[in-house]
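K.L.:
Quick one: sequence and predicted model below, then my questions.
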Amino acid sequence: MTRHDTVSLTGAALEDALAPLRRAKSMPAELYTSPEVFGLERERIFLRNWFFLCREEQIPEKGDYKTFDTLGGPIILVRGQDGQLRCFANYCRHRGSLLLQGSGNCGSRIMCPYHAWSYFSDGRLYGCPDMKDAEGFDRTENGLVPVRMESWAGFVFACFRDDSPPLIEHLGDLPQRFGSHRLDQMRCVWTLSIPVACNWKLILENAMETYHTGTVHRDTVGAQVQRPIPTTGDWLCMQVLSRRSIGTMNATIPPLPQIERLDEDALEGTYFSVIHPNVQFAVSQDCMWWLNVIPLSADRSILELGGCFPESSLALPDFDHHRKAYEERWERVAREDMGVLENQQKALTSVKFRPGPLSGRDDMVQAVGRWNLAQLGV
């Protein structure tokens, strides 16, 4: 047991963390190490807000499905025989067996591997062996339990609360800011999952500052300059300034063609955003990639990377040659960051740790923390 096993969300340390940036300090270590805090985050952040799942085209055909482990339990995203995507809790209504794992195609029905109950891909109960004598049994009331799901520009999000505002309200002015990139015309071509021994918030904080890039990424992306982008809604944004795409770092392979008709702001560089609570969309002049942070515990996470390109780029004869340069950049830079963050997680368990002063380049780091604390009622 460490001194971070329990925490009170009050005190001078939190006041210092929420102070104006010029005199603010980093967040208390307990916010990254305490199972109690992690439990509060589960209840007040992840069970109340929209969270990212995947792209629609990752589930292209009727009967295709993909499963997700979330802090609200396992869920299924499945494309029905009518072509519609639907989201359900991933358990059988009989005795709670897990229905599906991984991804694949279930055809027109989902069958429980335990007692062979089965469901149409639209969630209706189809078969329930030996239930004819069960008193009061109503098959119409025993279909799969739906989970709220909405899409924007081909990106699929889910939410466990039925009374949370619509996804478009959560996104605020993000659709306008990214409008000229026409993300709905992009397609996902690559994903990678990396287990990380650190708190989920450390990954997002790292993703929203360039203070570290000249050190951690000295031999890859190098030093970068950022500017803040004002937002409305439940998201944050900064822009790394470069008139050339930073989606690739291979000097011998030029970037893919720039997206046509980008607005003037978009031409200035790559947008790095956090859509609260746990996904970053990085939107560049020629592509976009995401960093989806999946919390497992106070000190364990999974980082999922995904890369998307415009359909026009996918049609180029040398696209695969170019694509490898982007994938190498995304994975290599992510692994550089994760190594540093795992060490940071260890350091935060020190009984001697005290929050340190923030830099002016930590503005987005503080903003991430402010939003999370507001959700916890601080």
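P.N.:
Cool, the structure landed.
K.L.:
Give me the distance between the closest residue in space to L47 that isn't next to it in sequence and F51.
P.N.:
Distance criterion C-beta to C-beta, 6 or more residues apart in numbering; nearest residue to L47, sequence neighbours excluded, is F160 at 4.9 Å. Just so you know, the C-beta spots here come from the backbone N, C-alpha and C atoms, and that holds for glycine as well. With distances taken as C-beta to C-beta, to the nearest Å, F160 is found 9 Å from F51.
K.L.:
which of these two has more neighbours?
P.N.:
More neighbours surround F51 than the other of F160 and F51, with 24 against 19 (other C-beta atoms under 10 Å).
K.L.:
now G172, nearest residue through space, not along the chain?
P.N.:
Leaving aside its chain neighbours, G172 sits nearest to G233 (1.5 Å; criterion: C-beta to C-beta, 6+ apart).
K.L.:
Surely that neighbour touches P166?
P.N.:
No. Between G233 and P166 there is no contact under C-beta atoms under 8 Å: 11.3 Å.
K.L.:
Any idea how many residues pack against the residue nearest to G172?
P.N.:
16.
K.L.:
Quick one, grab the pLDDT at it.
P.N.:
As predicted, G233 sits at a pLDDT of 98.
K.L.:
Would you check that the residue nearest to L47 makes contact with R148?
P.N.:
Yes. Using C-beta under 8 Å, F160 is in contact with R148, at 7.2 Å.
K.L.:
Find the residues that touch each one of the two.
P.N.:
In terms of C-beta atoms under 8 Å, 6 or more residues apart in numbering, F160 and R148 are not both contacted by any residue.
K.L.:
what about the nearest residue to E169 once chain neighbours are set aside, which SS state?
P.N.:
Of all residues not flanking E169 in the chain, G233 sits nearest, at 7.0 Å (C-beta to C-beta, 6+ apart). With DSSP: H, G, I helix; E, B strand; the rest coil as the basis, G233 sits in coil.
K.L.:
who's in contact with G233?
P.N.:
G233 sits next to E169, H170, L171, G172, D173, L174 when contact means C-beta under 8 Å, 6+ apart.
K.L.:
For it, give me phi and psi.
P.N.:
Main-chain dihedrals, G233, degrees, to the nearest 10: phi 100, psi -170.
K.L.:
same question, T248
P.N.:
Phi and psi for T248, reported as degrees, to the nearest 10, are phi -130, psi 150.
K.L.:
if I look at it, how far off is P277?
P.N.:
Between T248 and P277 the distance, using C-beta to C-beta, works out to 29 Å.
K.L.:
One more: E141?
P.N.:
Counting by C-beta to C-beta, the gap from E141 to P277 is 33 Å.
K.L.:
And for Q58?
P.N.:
From Q58 to P277 the distance is 21 Å (C-beta to C-beta).
K.L.:
E141 and P277: which is more packed in?
P.N.:
Between E141 and P277, counted using other C-beta under 10 Å, P277 has the larger neighbour count: 23 against 9.
K.L.:
just the helices in the stretch 51-200 of the chain please.
P.N.:
Per DSSP state H, counting those that start in this stretch, the stretch 51-200 of the chain carries helices over the ranges 167-171, 174-177, 200-207.
K.L.:
How far away from the center of its chain is the longest helix belonging to the chain?
P.N.:
In terms of residue count, the longest helix belonging to the chain (DSSP state H) is helix 319-347. Helix 319-347 sits 16 Å away from the centroid of its parent chain (C-alpha atoms, centre = their mean, to the nearest Å).
K.L.:
Between helix 200-207 and that helix, find me the angle.
P.N.:
With axes from the mean of the first three to the mean of the last three C-alpha atoms, to 10 degrees defining the directions, helix 319-347 sits at 120 degrees from helix 200-207.
K.L.:
A374 should be in a helix, yeah?
P.N.:
Yes. Counting by three-state DSSP, A374 is found in a helix.
K.L.:
what about it, distance to R44?
P.N.:
Counting by C-beta to C-beta, the gap from A374 to R44 is 10 Å.
K.L.:
S26: what's it in contact with?
P.N.:
By C-beta under 8 Å, 6+ apart, the residues touching S26 are A17, P355, G356, P357, L358, D362, V365.
K.L.:
And the helices in the stretch 201-350 of the chain?
P.N.:
Secondary structure of the stretch 201-350 of the chain (DSSP H, counting those that start in this stretch): helices located at 213-216, 264-267, 311-314, 319-347.
K.L.:
Can you tell me which of those is packed in deepest?
P.N.:
Among the helices of the stretch 201-350 of the chain, judged by mean count of other C-beta atoms under 10 Å, the one packed with the most neighbours on average is helix 319-347 (a mean of 17).
K.L.:
Fine, thanks again, bye for now.
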